[in-house]
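J.: Turn this into a model:
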Amino acid sequence: MALFKINNSNNVTKLASMELSKEKDIQVLFEKNLETILNVDFLATEYSTSFGGRIDSLGIDKNGAPVIIEYKKIQNDNVINQGLSYLKWLLDHKEKFELLCQSKKINIDIDWSSPRVICVAESYNKFDLDAVDILPIKIELLRYRVHQDNILSVESESQKLVKINTSKIFEKTKKDLSVDKLQKDYTIDNHLTIASKEIKDLFLELKEMIFSLDNSIQEEAKAKYIAYKLTTNFVDLSIQKSAIKLFLNVPSGKLQDVHNIARDLTKPKLVGHWGNGDYEVTIKSKADLNKAFDLIKQSYNYNK
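T.: I've put the predicted structure just below:
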């Protein structure tokens, strides 16, 4: 992604890409700013496993999902396979992760049904993208670039998914069930089962409005909500029978709510709510959509 600097005369100058001085610099940069970049709480660096490998960065997101981050420092680093191997180890040693969270005073229930593996690299090749597309679990690929003037850009490496029948490629036996326990799949339909027809129609219209913001937006069904994200979630939807609750990933005090429809969850602080961010908005009718969408756009611009 090219970045340009606008001067006072409305002329633009392209910001040149820069090489980091050390291979580990990007890892240090992410770990010091993990909450800002990914909305993830940092837990440990170079975390040792019992088979000798070290997890580059270990964290936990705001919904309690364990997060493994691997950095591709040289072109032939196989971070995808490494991340999967560490994920398997972590799921076999949950008690170690739980003790680590306790030592860091993390007061949130751990969601072992939705562990995350994030790979960070300057670029990915076709083999990386094809491998992620065909895997039966979700791997998040992030692409970073450092520019002059100390500008860091981070974006999701997205590729159009191709649905193929893998039954002849992967023949599952009764003994080969290890992949099923890594991540639990949720669907949009799971969330819509309790909704009235009016709420389903509102959801579909709102979903179309959200996707109109950017063709890179990803939709991901979680256990308790539906997430819309770029590198991190900017709005989460909780579907109810007669309403849709929005959670906006904007810090308290940063949202311009001219319609006064958003609830600040930090005043008083609400512990244990679903979704990311400090603001909650409830939609019950079509009249609420445009007002709510103005706030969603603010969250999108804040997180892009």
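J.: Now do the contacts for the most centrally placed residue in the chain.
T.: Centrality entry for the chain: nearest residue to the mean C-alpha point is residue 232, 4.2 Å, by CA atoms, centre = their mean. Residues counted as contacts of residue 232 (CB atoms under 8 Å, 6 or more residues apart in numbering) are 37-39, 249, 276, 303. In this view, the C-beta of every residue, glycine as well, is placed from N, C-alpha and C.
J.: Can you lay out these as TSV showing distance to residue 197?
T.: Converted to TSV, the contacts of residue 232 look like this (distance: CB to CB, whole Å):
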residue	distance to residue 197
37	40
38	37
39	34
249	29
276	29
303	32
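J.: check which helix or strand covers residue 191.
T.: For residue 191, the element it lies in under DSSP states H and E is helix 188-192.
J.: how much space between residue 32 and residue 14?
T.: 28 Å (CB to CB, to the nearest Å).
J.: I figured residue 84 hits residue 131, correct?
T.: No - Residue 84 is beyond contact range of residue 131, at 9.8 Å (criterion: CB atoms under 8 Å).
J.: Please say which of those two ends up with more neighbours.
T.: The neighbour comparison of residue 84 against residue 131 (other CB atoms under 10 Å) goes to residue 84, with 20 against 16.
J.: which non-adjacent residue is nearest the more buried one?
T.: Closest residue to residue 84 apart from its sequence neighbours, by CB to CB, 6 or more residues apart in numbering: residue 117 at 6.7 Å.
J.: what's the helix or strand for the one you found?
T.: Per DSSP H and E: strand 116-121 holds residue 117.
J.: cool, residue 292 as well?
T.: helix 287-303.
J.: Just the residues contacting that helix, thanks.
T.: 202, 205-206, 209-210, 213-214, 229-235, 246, 248-250, 254-259, 261-262, 277, 279, 281-283.
J.: filter the residues you listed to the buried ones?
T.: Buried members of the contacts of helix 287-303, scored by 16 or more other CB atoms under 10 Å, are 202, 206, 210, 213, 229-235, 246, 248-250, 255, 257, 261-262, 277, 279, 281, 283.
J.: What's the separation between the closest residue to residue 64 other than its chain neighbours and residue 57?
T.: Excluding its sequence neighbours, the residue lying closest to residue 64 (CB to CB, 6+ apart) is residue 111, at 4.1 Å. Here residue 111 is placed at a distance of 18 Å from residue 57 (CB to CB).
J.: Distance-wise, check residue 247 relative to residue 295.
T.: Residue 247 is 11 Å from residue 295, by CB to CB.
J.: List the residues that are in contact with both of the two.
T.: residue 279.
J.: Of the two, which one has the most company?
T.: residue 247 (25 against 22).
J.: Low-confidence regions, the chain specifically.
T.: 1, 21-24, 75-76, 158-183, 269-274 (pLDDT under 70).
J.: what residues does the helix or strand hosting residue 145 touch?
T.: Element membership for residue 145, per DSSP H and E: strand 140-147. Outside of strand 140-147, the residues within contact range by CB under 8 Å, 6+ apart are 1, 3, 15-20, 26, 116-124, 128-129, 132, 152-157, 231.
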